[in-house]
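Novice: need coordinates for the following:
(3 chains)
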Amino acid sequence: MDVSTLLTGLNEAQREAVSVPPGNVLVLAGAGSGKTRVLVHRVAWLIQVCGFSPWSILAVTFTNKAAGEMRGRIETLLGLPIGGMWVGTFHGLSHRLLRSHWKEAALPDHFQVMDADDQLRLVRRVLKHLDLDETRWPPKQAQWFINGEKDAGRRPQQAEDRDPTRRQLQRIYQEYEDACRQTGCVDFAELLLRSYELWRQHPQLLEHYRTRFQQILVDEFQDTNSIQYAWLRLLAGERDNLFVVGDDDQSIYGWRGAQVQNLRDFRHQYPQAQLLRLEQNYRSTSRILKAANAVIACNPGRLGKTLWTQGGEGEPIRLYAAFNEVDEARFVIERLRQHLAQGEKGSGVAILYRTTAQSRLFEEALIQAQIPYRVYGGMRFFERAEIKEAMAYLRLIVNADDDASFERVIATPPRGLGVKTMDTLRDHARLKRCSLWTAAVTLLRDLGLPARTSLLLTRFLELIERMRRDIQGLDLAEAVEKTIAASGLAEYYAQSKDGKGQDRIENLDELVNAARQYVYEGEEDEYPLLQGFLAQSVLEAGEMQEGEAADRVQLMTLHSAKGLEFPLVFIVGLEEGLFPHSMSSMDPSRLEEERRLCYVGMTRAMHRLYLSYAETRRLHGSETYPLPSRFLREIPPELVEEIRPRAQISRPLYQARPYHPVVEDQTGFRLGQQVLHPTFGEGVILDAEGQGSSARVQVKFATAGSKWLVVAYAKLQAR
DNA sequence: GACAGTCCTGTTTTT
DNA sequence: CAGGACTGTC
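Specialist: Numbers count the residues shown, from 1 in each chain, chains lettered A, B, ... in the order given. Okay, the predicted model is just below:
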């Protein structure tokens, strides 16, 4: 292959990034600037020009999808398979390391990976063990704390924490760790922390991987958390071989530990590192880009980068002020129809929203309009109850100490063993510090159970052991099939009356299919097939049943839209409290993240961008009167065409509410009316009561929340 | 032990 | 409104 083709078709900045001499490189790549392209060509360049073997290259991505795409594109470009190259997510790569070196990592050879759901169950159990009240110590919060600590690279602190709350959380963390060890399970964060520690504690192993991986590339660097960054630095050592690509303006995962700071730190950590910028955008019209730039410019402390394009100005951005959320959906469908009538493809259209709950209205409207669509996210295949149950049987077969699976499986299908038996088992397991399986075995042996329970429990244990024997020597798909049948799951669902039984059976069949298609991806036989399959189902829960082919309109949250592009984009629900979300609007740094999310959303659009908000929205069952999102006001008015004409965009975006019943009462204000308060700022009248000097109104303020104010004292000004 | 009815609380999501 | 957790009855 001719080396020059590696650089043709690239712009100046991209060429420079691809061909820069090996060394530490930081590429700041704006949205739509050809980031993936640069990474792919860079790998090809390292192999073809610099003479690195694929075997000596490591590429880390954030999602499995990105990893798969990168591998595919590199192989297409080079025209040869690059099996020896490691391409994967931080978690996938760490998992692989731990499977290979389970002994050094102090894990059992059959260790299992827990997903977030399993983890939460385990946390619940731990809280129960510690006899802590779940209302005082919400399991979700404890889980959050544990993951936060692990993401920061911290083990349970033995040292007394000053803060009693933290001290208690540390105790929970410690107990949780013990439970993990006991059951041979590792959570997502543990994969990273454990492999990091593996390298720290075994210098010869680290040396081995350092020798092997001569070049390390990292995608979406702005999404890395502390432990991931530490992991990278440890592996890289002092060798100047990190090529990282990121965009601080697209950091939208701070809420789960990602540190934009890493991007900024990189330059301090590696002062010699080359800093390159990709600022030419190939995706959007200049109007869309200008608008997105204007919004993101409101964030302070950016690394600085302004996207530009040679493309045309394009159409104006269109803004629709819907009367309510139903009208908003109606409007989107109307415009969507016009678009499709022009012969455009549905798959080139995305409807983006802030929260998953918003998808429903659009789904209903699309069904009614008979427009095919696809919703991203939501319940993923491997997260469905019936799939998790079948997998739990398999996990229990592989690892009898996996308590999470034991608990999941013992009552499905119902076999007369319920809460009471489980309580006995749990107590015993806790006392003896052993797994539920071992507890069951010892209790049976010591005749510590009522006769009936004893019989049922024995049957259950024998069932699992029989299954273990029966799948010996079977291939993966047969083993899965056999497990589904022998467990009684198939029969149980066939008889279920809730109407979902048939779906569930079909999903179980699909699971057998997935097992049939499972291909082991590692080198040689690093570990048994079944274990690889089990781990993959946890690590890549969403990758199944993509079903791309059909031409459908795409519905997704703004978060999952990152990395994608569409000729036509609708961003809906641009309202204070929804986007930016109310949970984020008090904290400046989280508000900035919301703004980046808005920037990400806008820059998904290639040709057309529609923005909309509703003046009234039904939320949690009651009517709300949100203010238009502040992000709308950050867009220069001249770029926007308002569909329902009203005053200037820089002036209030909201005024008349003709479709809302006007309830003028003694307070002198009507519901939904815009008001101004000297200290709280802009707000909307939500409710009113009383009369004369005791008349009060409830006002929802843009920033100060909602308050009841006495009309006679509050200097409320109608606007 | 299983199931039905009531209470309560509402981000974003990949691994 | 709606899904999940929890409580009380058969």
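Novice: how about the residues of chain A by DNA strand C?
Specialist: A:Glu134, A:His620, A:Gly621 (C-beta under 7 Å from any atom of the strand). (Glycine included, C-beta is placed from N, CA and C.)
Novice: point me to the residue of the stretch 551-700 of chain A nearest DNA strand B.
Specialist: Relative to DNA strand B, the nearest point of the stretch 551-700 of chain A is A:Thr557 (2.9 Å; C-beta to the nearest atom of the strand).
Novice: just the pLDDT for that residue.
Specialist: At A:Thr557, the pLDDT value in this model is 90.
Novice: now swap in the one 3 residues further on and tell me
Specialist: The confidence metric pLDDT takes the value 87 at A:Ser560.
Novice: what residues are up against it?
Specialist: Counting by C-beta atoms under 8 Å, 6 or more residues apart in numbering, A:Ser560 touches A:Tyr376, A:Gly377.
Novice: same question for A:Ile367.
Specialist: Residues near A:Ile367 by C-beta under 8 Å, 6+ apart: none.
Novice: which stretch of helix or strand covers it?
Specialist: If you go by DSSP states H and E, A:Ile367 is part of helix A:359-368.
Novice: buried set for that helix?
Specialist: A:Ser359, A:Leu361, A:Phe362, A:Ala365, A:Leu366 (16 or more other C-beta atoms under 10 Å).
Novice: what about that helix, near DNA strand B?
Specialist: No. Using C-beta under 7 Å from any atom of the strand, helix A:359-368 never reaches DNA strand B; the gap is at least 9.0 Å.
Novice: same question for stretch A:391-398.
Specialist: No. Using C-beta under 7 Å from any atom of the strand, stretch A:391-398 never reaches DNA strand B; the gap is at least 14.5 Å.
Novice: so how far is stretch A:571-585 off the chain centroid?
Specialist: In this view, stretch A:571-585 has its centroid 19 Å away from the chain centroid, taken as C-alpha atoms, centre = their mean, to the nearest Å.
Novice: and the end-to-end length of that stretch?
Specialist: Start to finish, the residues bounding stretch A:571-585 are 19 Å apart (C-alpha to C-alpha, to the nearest Å).
Novice: contacting residues around that stretch?
Specialist: Residues from elsewhere that reach stretch A:571-585, judged by C-beta under 8 Å, 6+ apart: A:325, A:328, A:332, A:351-355, A:358, A:362, A:558, A:590-591, A:593-595, A:597-598, A:601-602, A:609-614, A:617, A:619, A:624, A:626-632, A:702-703.
Novice: swap the cut-off to 7 Å and go again
Specialist: With C-beta atoms under 7 Å, 6 or more residues apart in numbering as the test, stretch A:571-585 has contacts from A:328, A:332, A:351-354, A:358, A:590-591, A:593-594, A:601-602, A:611-614, A:617, A:626-632, A:702-703.
Novice: is DNA strand B contacted by that stretch?
Specialist: Yes. Using C-beta under 7 Å from any atom of the strand, stretch A:571-585 comes into contact with DNA strand B via A:His581, A:Met583, A:Ser584.
Novice: returning to what we had before: could I get the CA-only coordinates of the helix holding A:Ile367 as CSV?
Specialist: Only the C-alpha atoms of helix A:359-368 are listed here, as CSV (Å, rounded to 0.1, in the frame of the first residue of the first chain):
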residue,chain,number,x,y,z
SER,A,359,-39.4,9.9,24.4
ARG,A,360,-42.9,8.6,25.0
LEU,A,361,-44.8,11.5,23.5
PHE,A,362,-42.8,11.4,20.4
GLU,A,363,-43.1,7.6,20.1
GLU,A,364,-46.9,7.9,20.3
ALA,A,365,-47.0,10.6,17.7
LEU,A,366,-44.7,8.7,15.4
ILE,A,367,-46.8,5.6,15.7
GLN,A,368,-49.9,7.6,14.9
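Novice: following that helix, which helix or strand comes up?
Specialist: Using DSSP H and E, the first helix or strand after helix A:359-368 is strand A:373-375.
Novice: what is that following strand packed up against?
Specialist: Packing partners of strand A:373-375 (3 or more C-beta pairs under 7 Å, 6 or more residues apart in numbering; DSSP states H and E): helix A:359-368, strand A:553-557.
Novice: can you give me the mean pLDDT across the helix or strand just after it?
Specialist: The helix or strand immediately downstream of strand A:373-375 is helix A:385-398, counting by DSSP H and E. Averaged over helix A:385-398, pLDDT sits at 89.
Novice: may I see the buried residues of helix A:385-398?
Specialist: Buried residues in helix A:385-398 (16+ other C-beta under 10 Å): A:386-398.
Novice: which strands and helices lie in contact with that helix?
Specialist: Applying 3+ C-beta pairs under 7 Å, 6+ apart, we find helix A:385-398 packed against helix A:403-410, helix A:451-470, helix A:476-487, helix A:489-495, helix A:501-517, helix A:529-539.
Novice: ranking those by burial, who's on top?
Specialist: helix A:403-410 (a mean of 24; mean count of other C-beta atoms under 10 Å).
Novice: low pLDDT regions in the stretch 51-200 of chain A?
Specialist: A:158-160 (pLDDT under 70).
Novice: just the buried residues of the helix or strand harbouring A:Gly148, please?
Specialist: Per DSSP H and E: A:Gly148 is located in helix A:139-151. Across helix A:139-151, burial judged by 16+ other C-beta under 10 Å covers A:Pro139, A:Ala142, A:Gln143, A:Phe145, A:Ile146, A:Asn147, A:Gly148, A:Glu149, A:Lys150, A:Asp151.
Novice: need those in a markdown table with distance to A:Ile371, can you?
Specialist: Converted to a markdown table, the buried residues of helix A:139-151 look like this (distance: C-beta to C-beta, whole Å):
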| residue | distance to A:Ile371 |
| --- | --- |
| A:Pro139 | 41 |
| A:Ala142 | 44 |
| A:Gln143 | 39 |
| A:Phe145 | 44 |
| A:Ile146 | 44 |
| A:Asn147 | 39 |
| A:Gly148 | 42 |
| A:Glu149 | 46 |
| A:Lys150 | 44 |
| A:Asp151 | 41 |
